[in-house]
Every structure is written in structure tokens, then in C-alpha cells.
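A.B. asks: Turn this into a model:
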Amino acid sequence: MTGRHGPDARDADSDPRQLSRLRWRCRRGMLENDLMLERFLDARGPALGAEEVAMLDRLLDLPDGDLWDLICGKAEPDDPTLLPLVRALRAS
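C.D. replies: Numbering: from 1, shown residues only. Predicted coordinates:
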């Protein structure tokens, strides 16, 4: 697998462009999502590993309403491998 979800994904800490790209993708149409994602990246962004970056990318592919439901605890992710990141977002 290649691309942003595969082995080519690098740690945000080792690639400032990766963190910048994540920040850009975190700009959403829903202010609540923007604020939560911005707070999360401020706290944990530079330390995110490649696996967490790939998980965040998958979450950012969701529509705003679905993403908000996950972040605020109204829903759980369909993919249980995303649960650790969802919990981290909720805690930020």
C-alpha cells in the first residue's frame, strides 16, 4: 500500500509539511470540528506517528456531521482500529 495511508506516510515530527497538510485538512465547514481538531493538533500534532496520521486522514474523509458525532461521543467509529484516535480527540 502506498500513498498517505501506507508506508510512505511519515511522522508529523519528521516532516513539517505533513503537519501543515494535516492542519489544512482539519479546516472544516463546522466550527466545532475546527476547534477540536485544532486543539488536538496543537497538543499532539508534532508527536503523531505515521499510523496516527493515517488514522486521522481516514477520519478527515468523513462528512462534518459524522466526524462531529464521533468527536462528541454521539457515535463510535465503524472501524474499531480508529477508536484510540477518537478517544484522543475527545480528550483534547
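A.B. asks: and Tyr51, how many neighbours?
C.D. replies: One thing to correct before we go on: residue 51 is Glu, not Tyr. Neighbour count of Glu51, defined by other Cβ atoms under 10 Å: 14. C-beta: built from backbone N, CA, C; applies to glycine.
A.B. asks: got the buried residues for the helix or strand containing it?
C.D. replies: Element membership for Glu51, per DSSP states H and E: helix 50-60. For helix 50-60, burial by neighbour count (16 or more other Cβ atoms under 10 Å) applies to 50, 52-59.
A.B. asks: ok, then the element right after the helix or strand of the chain with the lowest mean pLDDT?
C.D. replies: Here the helix or strand of the chain ranked lowest by mean pLDDT, DSSP states H and E is helix 16-25, holding a mean of 84. Per DSSP H and E, helix 16-25 leads on to helix 31-44 as the next helix or strand towards the C-terminus.
A.B. asks: Need the residues that contact that next one.
C.D. replies: If you take Cβ atoms under 8 Å, 6 or more residues apart in numbering as the criterion, helix 31-44 is touched by 19, 22-23, 26-28, 64, 67-68, 71-72, 88-89, 92.
A.B. asks: And the helix holding Glu51, how far out from the chain middle?
C.D. replies: Mean-position distance between helix 50-60 and its chain equals 5 Å (Cα atoms, centre = their mean, to the nearest Å).
A.B. asks: That one to helix 16-25, inter-axis angle?
C.D. replies: 20 degrees (axes from the mean of the first three to the mean of the last three Cα atoms, to 10 degrees).
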